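J.: Any chance you could fold what I've pasted below:
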Amino acid sequence: MLDILKYACAFTTPLLLVYQLFSPFGYKFRTSRQAAQLSFTWPLPMIVFMNNFKCIKGLFAAIRFLTVLPVPGKIGVETDDLAGSLVWFPVVGLLIGLISGGLLYLVAPLMPASLAAVLAVALLAVFSGCLHLDGVADCGDGFFSSRPRERILEIMRDSHIGAMGVIAIFFVLAVKVSSLMVVSSGELWKIVCIMPVAGRAGIILMMNLLPYARPDGGLATVMYGRKRIEHLLWALALLFLAGWFIAGTTGLLAAADAMVLLLVLSYYVHLKIGGATGDTLGAACEFSEAAFAAIFVCL
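T.: Next up is the predicted model:
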């Protein structure tokens, strides 16, 4: 567990510093002297928390939307908060990964590899509320229905799940479990730490590649109105740094290859429906996680 804390502290502290210095959302000091004085008298997390309150509300909104983790009070419940939460998606992914990886670091050595792999996939699904698996099911039902674009969008909006949706979920989970069960417990927790970061970076990548597909709008339109190329650069930087810092060169290469495969998925989505929806973004998250795990064990 001490290794987990060491990685978390050593990795997140310089990232917070970079974010504070270069992010367009950061706290704006009136003078360089004020910045220097505050940096020596306040802990770095406190400086980040002192950033404009809208940014913090975006963090809370991202946690509420992407996880089942309890968030106190009513911060981050407004639609505008969710619209400004994109910058926090990869950070929340890292949070999910560190929690899941920390638990696996403790218990995985005590159980068979197959059971540890199932537990790892279950933790990632539970902490995210199975939100993105629902998108996988809807995309499976719609894309494999052999229907025209308008009918595909109708099928994806239907809350009922069909046979193709079940099969799509099965294959995604099968890839994850089969990939994770062939690594040692010492490697398992590292992969699990990075997988959620890859998933949330995949969401932002697809958002920046494809327009929104539904003319009548949807939940994703809230975030589409605030998407920026800076969000994508930040997400990819965090993913690649996390992959390299936690798992070395293999982690970095697996992260890069997973994003390349997501480009292929995005092109396929564009051919089918001409853009992205909330369901395809969820599917992109699960696809990126599965791709990262599979590529990692193949390198």
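J.: which SS state does Val68 fall under?
T.: Assigned with DSSP: H, G, I helix; E, B strand; the rest coil, Val68 falls in the coil class.
J.: Where does Arg64 fall, secondary structure wise?
T.: helix 53-66 (DSSP states H and E).
J.: Show me what that helix packs onto, helices and strands only.
T.: helix 79-83, helix 89-107 (3 or more Cβ pairs under 8 Å, 6 or more residues apart in numbering; DSSP states H and E). Heads up, the C-betas are built off the backbone N, CA and C, glycines and all.
J.: got a markdown table for those helices, with mean neighbour count and distance to Asp158 too?
T.: Formatted as a markdown table, the helices and strands packed on helix 53-66 follow (neighbours: other Cβ atoms under 10 Å; distance: least, Cβ to Cβ, whole Å):
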| stretch | mean neighbour count | distance to Asp158 |
| --- | --- | --- |
| helix 79-83 | 16 | 24 |
| helix 89-107 | 23 | 27 |
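J.: Mind checking those helices for the one nearest to Ile63?
T.: Ile63 lies closest, by Cβ to Cβ, to one member of these: helix 89-107, at 5.7 Å.
J.: chain center to the closest one: distance?
T.: 11 Å (Cα atoms, centre = their mean, to the nearest Å).
J.: Give the rounded mean pLDDT of that helix.
T.: The average pLDDT for helix 89-107 rounds to 97.
J.: now for the host helix or strand of Ala284, which elements pack on it?
T.: Element membership for Ala284 (DSSP H and E) is helix 278-298. Helix 278-298 sits against helix 131-143, helix 163-180, helix 185-209, helix 229-273, with contacts defined as 3+ Cβ pairs under 8 Å, 6+ apart.
J.: pull the helix or strand with minimum mean pLDDT from this structure.
T.: helix 32-41 (a mean of 44; mean pLDDT, DSSP states H and E).
J.: Could you give me the buried positions within the helix holding Arg64?
T.: With burial defined by 16 or more other Cβ atoms under 10 Å, the residues of helix 53-66 counted as buried are 55-66.
J.: Next: stretch 237-256.
T.: Of the residues in stretch 237-256, those buried (16+ other Cβ under 10 Å) are 238-247, 250-255.
J.: thought Val92 was touching Ala201?
T.: No: at 11.4 Å, Val92 does not count as touching Ala201 under the criterion of Cβ atoms under 8 Å.
J.: Of all residues in this structure, which one is nearest the centre?
T.: Of all residues in the chain, the one closest to the mean position by Cα atoms, centre = their mean is Arg200, 2.0 Å from it.
J.: Thought Asp81 was touching Lys57, still the case?
T.: Yes: between Lys57 and Asp81 there is a contact at 4.4 Å, judged by Cβ under 8 Å.
J.: Can you pull the residues that touch both of those two?
T.: Ile75 (Cβ atoms under 8 Å, 6 or more residues apart in numbering).
J.: so Asp279 makes contact with Ser159?
T.: No: counting by Cβ under 8 Å, Asp279 does not reach Ser159; the two are 11.4 Å apart.
J.: more neighbours, the two?
T.: Remark: of Asp279 and Ser159, Asp279 carries more neighbours, 27 against 6, as counted by other Cβ atoms under 10 Å.
J.: Give me the pLDDT value at that one.
T.: pLDDT, Asp279: 95.
J.: Now do the same contact list for it.
T.: 134-135, 138-139, 142, 156.
J.: now it: how far from Gly142?
T.: 8 Å (Cβ to Cβ, to the nearest Å).
J.: joint contacts of the two?
T.: What both Asp279 and Gly142 touch, as defined by Cβ under 8 Å, 6+ apart, is the set Met156.
J.: Many thanks, have a good one.
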